[in-house]
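Visitor: using only what follows, build the 3D model:
(one chain, ligands or ions: 3)
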Amino acid sequence: MIVMKFGGTSLGDADRIKNACNIVKSKLKKKPIVVVSAVSGMTNMLIKLANENSFEKRKKISAKIKDKHLDILKNLNIESSLLKEDLNELEDSVDKIKDNNIDAKTFDLIQSFGERMSSKIVAAQLSNIGIESQAYNSYDLGFLTDDEFGSAEPLDITHSNLRKEIKKIHAVPVITGFLGKTKDGQITTIGRGGSDFTTSIVGAAIDAKEIQIWTDVDGIMSTDPKIVVNAQTISEVSFAEAFELAYFGARVLHPKSILPAMKKNIPVMVLNSFNSDHNGTTILTKVKQNDSTVRAIAYKKNITLVNIQSTRMFGAHGFLARLFNIFEKYKKSVDVIATSEVSVSLTVNNDKNIDDILNELKEISNVNIRENKSIICIVGEGMRNTLGVAGRTFSTMGKNNINIELISQGASEINITFIVDGNDTDKAINALHKEYFGK
Ligand code: ADP
Ligand code: ASP
Ligand code: MG
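Guide: Ligands and ions are numbered 1, 2, ... in the order given. Sure, this is the predicted structure:
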């Protein structure tokens, strides 16, 4: 058995969906289990819908969502009744929103319609081309999570549930990515880009031979091809490298999707549904070392740099614990960190809770923040044994007049991570790509 995941980029319209289904057809011998994201752009639209305060505007967005799905059905010759129930339920959920007041539970419920509908469309299209297929909501196959709406964690029992339930299925299952349910039956989402994580959990649960992530680029590339046009596919990447790249922003794969596959040693392939003959990237435990020390460059934009200074910190034990307790309290993860005896600098995503965190930090220290920064991360197992990568990297930045605001070299020794001003991001990545990949 293999697991094949199609992201929104591979499900943009009726033609893309036909193409994805033909790819599934070509792998029938390998007994595919299919996992899908919502159709392209749909989760963003659903989020916009949920956040919209005006009733009239909500009605407009909801009509757009309906039209997009009905249009796809029409072009695939599928009866519109397939999605009637979901579209009505979505409308009801939206009508229940009181202005300005949407709770986390309803927010997840509204987002869930994207995957619930796309799975039905893909299963119906597979049937159209003669493949016996059935759509499933992951939670109906036992995908249970905690109740941290928006970034729910799967419960341990999910693995054995999935294993048991998927074994019973004979047709090709098309399973919703991104979704779960709490034990008491509330729908949850597991974080943006989370369908990759669902796929890896499903793959590990059924001991899949292979996990295939089908997207819109030729695999994991030396950097984001949207920033460097000459980015090249990396044919093999280790799980450790893939994790660092995903964690530091290479959106092509969700960082949480690495561990379940790695634990079971299941190869993960990243493949292009627009160019299905390309071999893409294979992620394995151990990969051949090539000449390049640096395997790839990742980046994360919109980062806030927090500088914390305290004279009381000098020699006072427990200060760092108090500091990190504040981040823990707001469930805010810290990406990069550097400390000296009197200061700590760290980076966080610029989204939720930042003001509350700053207010609490101010009670124990002097704090200043700098917004619109970017994390740049260069990754490669080969860096472990190569001297001078840091020097080469930072002098490349110097030659290009790019100021480095914070440096951190992970204990894993396979990455060097640093912070630059947001306006320098593309320039920094292009310069590093030229330095390490010659173009
Ligand atoms: P999907 O809808 O298939 O999940 P995503 O948009 O989440 O697709 O991920 C694919 C995108 O990831 C690519 O279009 C590309 O712009 C981006 N990306 C960022 N870094 C990399 C990288 N190192 N290699 C390949 N793609 C990358
Ligand atoms: N549809 C969800 C999102 O856009 C999950 C995913 O695509 O992986 O975040
Ligand atoms: Mg994705």
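
Visitor: which residue sits closest to residue 104 in space, ignoring its chain neighbours?
Guide: Counting by Cβ to Cβ, 6 or more residues apart in numbering, residue 104 lies nearest to residue 149, which is 3.7 Å off, once chain neighbours are set aside. For the C-beta atoms, the positions are set from N, CA and C on the backbone; glycine is no exception.

Visitor: can you check residue 89 too?
Guide: Nearest in space to residue 89, with sequence neighbours left out and distances taken as Cβ to Cβ, 6+ apart, is residue 113 at 7.5 Å.

Visitor: next one: residue 193
Guide: Distances taken as Cβ to Cβ, 6+ apart place residue 254 nearest to residue 193, at 4.4 Å, with adjacent residues excluded.

Visitor: the residue nearest to residue 89 touches residue 46, doesn't it?
Guide: Yes: here residue 113 reaches residue 46: they are 6.4 Å apart, a contact under Cβ atoms under 8 Å.

Visitor: how many residues are close by residue 405?
Guide: Using other Cβ atoms under 10 Å, residue 405 is surrounded by 17 other residues.

Visitor: now do the SS call for the closest residue to ligand 3 within the stretch 251-400 of the chain.
Guide: Residue nearest to ligand 3 within the stretch 251-400 of the chain: residue 251 (6.0 Å; Cβ to the ion). Following DSSP: H, G, I helix; E, B strand; the rest coil, we place residue 251 in the coil state.

Visitor: these two touch, right, residue 407 and residue 345?
Guide: No: Residue 407 is beyond contact range of residue 345, at 9.9 Å (criterion: Cβ under 8 Å).

Visitor: any shared contact partners between the two?
Guide: residue 338 (Cβ atoms under 8 Å, 6 or more residues apart in numbering).

Visitor: of those two, who's got more company?
Guide: Set residue 407 next to residue 345 and count neighbours by other Cβ under 10 Å: residue 345 wins out with 20 against 15.

Visitor: ok, that one - contacts?
Guide: With contact taken as Cβ under 8 Å, 6+ apart, residue 345 is in contact with 305, 306, 307, 308, 337, 338, 339, 406.

Visitor: how about 6 Å then?
Guide: When contacts are counted by Cβ atoms under 6 Å, 6 or more residues apart in numbering, residue 345 touches 307, 338, 406.

Visitor: neighbours around the spatially closest residue to residue 132 that is not a sequence neighbour, how many?
Guide: With Cβ to Cβ, 6+ apart as the criterion, residue 132 has its nearest non-adjacent residue at 4.1 Å, and that residue is residue 171. For residue 171, the neighbour count with other Cβ under 10 Å is 13.

Visitor: wait, isn't residue 119 in contact with residue 37?
Guide: No: applying Cβ atoms under 6 Å, one finds residue 119 not in contact with residue 37, separated by 9.6 Å.

Visitor: closest residue of the stretch 51-200 of the chain to ligand 1?
Guide: Minimum separation of the stretch 51-200 of the chain from ligand 1 (Cβ to the nearest ligand atom) falls at residue 193, amounting to 5.4 Å.

Visitor: could you do the chain as well?
Guide: For the chain, Cβ to the nearest ligand atom, closest residue to ligand 1: residue 7, 2.1 Å.

Visitor: and that residue, what are its phi and psi?
Guide: Phi and psi for residue 7, reported as degrees, to the nearest 10, are phi -80, psi 170.

Visitor: got a list of what it touches?
Guide: Neighbour list for residue 7: 37, 215 [criterion: Cβ under 6 Å, 6+ apart].

Visitor: SS state for the closest residue to ligand 3 within the chain?
Guide: Nearest residue of the chain to ligand 3, counting by Cβ to the ion: residue 193, 4.3 Å away. The local conformation at residue 193, judged by three-state DSSP, is coil.

Visitor: residue 33 contacts residue 3, correct?
Guide: Yes: if you go by Cβ under 6 Å, residue 33 and residue 3 touch, sitting 4.9 Å apart.

Visitor: so for the two, which residue has more residues nearby?
Guide: Taking other Cβ under 10 Å, residue 33 and residue 3 do not tie; residue 3 has more neighbours (29 against 25).

Visitor: confirm that the more buried one sits in a strand.
Guide: Yes: counting by three-state DSSP, residue 3 is located in a strand.
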